[in-house]
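Colleague: Generate a structure from the sequence data that follows.
(chains A and B)
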Amino acid sequence: MKLYRDLTIRQKQIAWAWAFLAIPVLFYGVIRFYPTGNAILISFQDWNLLGARTWTGLDNYQKLFADPVFWKVFRNTFVYLLLGTPVSLVISFVVAYHLDKTRFLHGFLRMLYFLPFMTSAVAMAWVWRWFYQPVPIGLFNNFLASLGIPQINFLNSTTNALPAILAPAVWAGLGFQIIIFMAGLRAIPKSYYEAARIDGVSTWTVLWEITLPLLKPTIVFIVVFSSIGFLRIFDHVYNMTTQNPGGPLNSTKPLVLMIYQTAFNSFDMGYAAAQTVVLFLVLLVVSLLQLRILRDR
Amino acid sequence: MANLVLRDLVKSYDKTEVLHSISLAVEDGEFVVFVGPSGCGKSTTLRLIAGLEEVTSGTIEIAGRVVNNLEPKDRDIAMVFQNYAIYPHMTVRKNIGFGLRSSKAPKAEKHKRIESVAELLGMTAYLDRKPSQLSGGQRQRVAIGRAMVRDPAVFLFDEPLSNLDAQLRTQMRLEIKKLHQRVGSTIVFVTHDQVEAMTMADRIVIMKDGHIQQVGTPAEVYHQPANTFVARFIGAPAMNMIPGVARPGGGVALSTGGTLDLGRALPEGRDIILGIRPEDLHTGHDTAVIEGAVNLREPLGHETLIYVETANGDVIAKADGRTPPEVGEVVHLGAAPENIHVFDAATGEALR
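Modeller: Okay, here's the model as predicted:
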């Protein structure tokens, strides 16, 4: 006790700060940083989860870069990103922009848009999977049939399957993005719009030159956030293609699914860890690039 | 020629009427200040003139035409907002130029107008800066510039100085007044600060609860307030209000004790209120009728305000700055009869 009493105020503050920080520091150390470091280490080793780890150097990475499946998966992951992010950004902005101006049933409509975000991705994926079935089961194909339009192969086609899986993933994230956009829109002072009304500029000019530039921080946040989400897409794909995860012919397989299969079907931990490191680097680079490009110049 | 005419202007939100039949004519080149406590309807009136709110009934005429159903941009007005409403992502030049976006003038002409407005406001050196690189006063100038560049028939100012610190506010007050003298445009200015109203206005419109209480020059509203509200609202510290009863023969029996002869005929037996401004109430007067002990002193340098306890609450009076009475000292206060305002106690209206 005497030791504590002799400390200066600043030293006491430091002691208390560390006392409170101890739990998160411990948590991050054990649950986050140690496994991350370990994964990087394993990526240079050969390990089947039970046996001894053997050092293999860059073998895993060489194997990865020579693997055609990896490149297919790599491409798929970026298709999810490059389609999903802009599409969800535009849809969520358009919905938020109009919802913000709607007084009628405002709270109810907002709840409807937010509902998918709260729903379990597994349940949602299975419902959508049902939508996509051929006649007489699937909702979409039944509808097309009643209009006399030929059947569309959604999940069994190598070209249609990826967008078909992306659609519910975009839909699931919309609620969150709409709420963020609406908060951003609310934060713009009303007088900016009133001043523009007095100046007599068109609605279009107001949107492009006032609303969107002032929403930039919101847009940056949503782009980075949803990009990370699409780069890590897994549960929608896995649940909508359970018989042949990532199929048909790997046409829907994202990187995370490949990692999962390598680790827990093939038990090739070293190889899976190498893929994880690549995913980590991709996430890092994409996020940093986006922040760099979109932030104020 | 009247440049802006309000006729029986009424504004209701749902069933609540917030403006009750406002009528006013503003002459060309006149600087009119709307002043009143918050919620009195002054900002609503301004927003009706601007076209940001719809008129419930009555008419607004600007430069000779009824503008009730015109969009703000077609009303030939410009407005300066309380938070300036200048866009943080645009340079000063673009902000000022935003007011010209809808104008069909050629580009060179617009450019020239932006430059000349910037010069008038002393902002030429800052044209390519962003608002975040400007001080509060400079931002205010940009907002004024954006209004000026439109060259409107009427300028509307919505409490533009309330976001500035006290010193800057005094400075901008002068600048706006100078600008008005130079440009000579019609200005409608809304504020809750009676000092701003007194110092800037050609005419003051004092509002309360959606009614106009009095319209007049600063001197008129100060020296001949129409009712007790105006009397207390204009002038700081506020006017002393001393209840009394009119006695036969022109005397007034004060609630603070004593009888005061005002030398004018008052309706006998009527309950009245005497209003005396602190600067008119002082010691060493030959008709001193208010007596009491000094409670508190507020030295202001050139004078000292003394709070004197009477049978009917404190009154504020002015005393000499160098030799004010001590706290606790009993003083006798009086005022010249011509400086005493008389109001009807029941209605609050001035009795003249």
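Colleague: Give me the nearest residue to the residue sitting nearest the centre point of chain A, chain neighbours excluded.
Modeller: Taking CA atoms, centre = their mean as the criterion, A:G229 is the residue nearest the geometric centre of chain A, at 0.6 Å. Closest residue to A:G229 apart from its sequence neighbours, by CB to CB, 6 or more residues apart in numbering or on different chains: A:G173 at 6.1 Å. In this view, the C-beta of every residue, glycine as well, is placed from N, C-alpha and C.
Colleague: Provide the count of other residues in contact range of the one you found.
Modeller: If you count neighbours by other CB atoms under 10 Å in any protein chain shown, A:G173 ends up with 22.
Colleague: Skip ahead from whichever strand or helix holds the residue nearest to the centre of chain A and say which helix or strand is next.
Modeller: Using DSSP states H and E, A:G229 sits in helix A:216-231. With elements assigned by DSSP H and E, the helix or strand that comes after helix A:216-231 is helix A:235-240.
Colleague: A helix includes B:I316, no?
Modeller: No: when the secondary structure is assigned by DSSP: H, G, I helix; E, B strand; the rest coil, B:I316 falls in strand instead of a helix.
Colleague: which residues touch it?
Modeller: Residues near B:I316 by CB atoms under 8 Å, 6 or more residues apart in numbering or on different chains: B:P237, B:A238, B:N240, B:P278, B:L281, B:L305, B:I306, B:Y307, B:V308.
Colleague: Going by distance to B:F157, which of those wins?
Modeller: Closest approach to B:F157 among the contacts of B:I316 (CB to CB): B:A238, at 25.4 Å.
Colleague: how much space between the closest residue to the closest one other than its chain neighbours and B:Q194?
Modeller: Leaving aside its sequence neighbours, B:A238 sits nearest to B:R232 (CB to CB, 6+ apart; 4.6 Å). B:R232 sits 10 Å away from B:Q194, taking CB to CB, to the nearest Å as the criterion.
Colleague: One more: A:F44?
Modeller: For A:F44 relative to B:Q194 (CB to CB), the value is 78 Å.
Colleague: tally of neighbours for the closest residue to chain A within the stretch 251-352 of chain B?
Modeller: Nearest residue of the stretch 251-352 of chain B to chain A: B:G348, at 35.8 Å (CB to the nearest CB). Each residue near B:G348 was counted by other CB under 10 Å, and the total is 17.
Colleague: Wait, it touches B:A226, no?
Modeller: No: counting by CB atoms under 8 Å, B:G348 sits too far from B:A226 to count as a contact (9.3 Å).
Colleague: which parts of chain A sit against chain B?
Modeller: For chain A, the residues in contact with chain B (CB under 8 Å from any CB of the partner chain) are A:189, A:191-192, A:194-201, A:205, A:209-210, A:213-214, A:216.
Colleague: Name the nearest residue to the residue of the stretch 51-200 of chain B found nearest chain A, ignoring sequence neighbours.
Modeller: Residue nearest to chain A within the stretch 51-200 of chain B: B:K73 (2.6 Å; CB to the nearest CB). Leaving out its chain neighbours, the residue that sits closest to B:K73 by CB to CB, 6+ apart is A:G200, at 2.6 Å.
Colleague: worst-scoring helix or strand of chain A, pLDDT-wise?
Modeller: helix A:2-5 (a mean of 82; mean pLDDT, DSSP states H and E).
Colleague: Can you name the next helix or strand after the helix or strand that contains A:I23?
Modeller: Under the criterion of DSSP H and E, A:I23 resides in helix A:9-27. Once helix A:9-27 ends, the next helix or strand along the chain (criterion: DSSP H and E) is helix A:34-42.
Colleague: Using PDB, write out every CA atom in that following helix.
Modeller: What follows is helix A:34-42, C-alpha atoms only, in PDB (Å, rounded to 0.1, in the frame of the first residue of the first chain):
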ATOM      1  CA  TYR A  34      -1.200 -15.500 -30.700                       C
ATOM      2  CA  PRO A  35      -3.400 -17.500 -33.200                       C
ATOM      3  CA  THR A  36      -2.600 -15.000 -35.900                       C
ATOM      4  CA  GLY A  37       1.100 -15.400 -35.300                       C
ATOM      5  CA  ASN A  38       0.700 -19.100 -35.100                       C
ATOM      6  CA  ALA A  39      -1.200 -19.200 -38.400                       C
ATOM      7  CA  ILE A  40       1.600 -17.400 -40.100                       C
ATOM      8  CA  LEU A  41       4.100 -19.900 -38.600                       C
ATOM      9  CA  ILE A  42       2.000 -22.900 -39.600                       C
END
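Colleague: which is the next helix or strand following it?
Modeller: Under the assignment DSSP H and E, the closest C-terminal helix or strand after helix A:34-42 is strand A:45-46.
Colleague: residues in contact with the next helix or strand after that next one?
Modeller: The C-terminal neighbour of strand A:45-46 among helices and strands, as given by DSSP H and E, is strand A:54-55. For strand A:54-55, the surrounding residues in contact (CB under 8 Å, 6+ apart) are A:F44, A:Q45, A:D46, A:W47.
Colleague: which one among those gets closest to chain B?
Modeller: A:F44 (47.8 Å).
Colleague: Correct me if wrong: the residue of the stretch 51-200 of chain B closest to chain A contacts A:A196.
Modeller: No: contact criterion CB under 8 Å: B:K73 and A:A196 do not qualify, at 9.4 Å.
Colleague: Between the two, which has more neighbouring residues?
Modeller: More crowded of B:K73 and A:A196, by other CB under 10 Å: A:A196, with 25 against 18.
Colleague: returning to that earlier point: tell me which other helices or strands the helix or strand hosting the residue nearest to B:A238 touches.
Modeller: Taking DSSP H and E as the criterion, B:R232 maps to helix B:228-233. With contacts defined as 3 or more CB pairs under 8 Å, 6 or more residues apart in numbering or on different chains; DSSP states H and E, helix B:228-233 has these neighbours: strand B:203-208, strand B:211-216, strand B:240-246, strand B:271-276, strand B:340-344.
Colleague: Distance to chain A added to the ones you listed, as a markdown table?
Modeller: Converted to a markdown table, the helices and strands packed on helix B:228-233 look like this (distance: least, CB to the nearest CB, whole Å):
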| stretch | distance to chain A |
| --- | --- |
| strand B:203-208 | 21 |
| strand B:211-216 | 25 |
| strand B:240-246 | 38 |
| strand B:271-276 | 39 |
| strand B:340-344 | 39 |
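Colleague: Turn these into JSON lines, including mean neighbour count and mean pLDDT.
Modeller: Putting the helices and strands packed on helix B:228-233 into JSON lines (neighbours: other CB atoms under 10 Å in any protein chain shown; pLDDT from 0 to 100) gives the following:
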{"stretch": "strand B:203-208", "mean neighbour count": "24", "mean pLDDT": "95"}
{"stretch": "strand B:211-216", "mean neighbour count": "20", "mean pLDDT": "94"}
{"stretch": "strand B:240-246", "mean neighbour count": "21", "mean pLDDT": "89"}
{"stretch": "strand B:271-276", "mean neighbour count": "21", "mean pLDDT": "90"}
{"stretch": "strand B:340-344", "mean neighbour count": "20", "mean pLDDT": "91"}
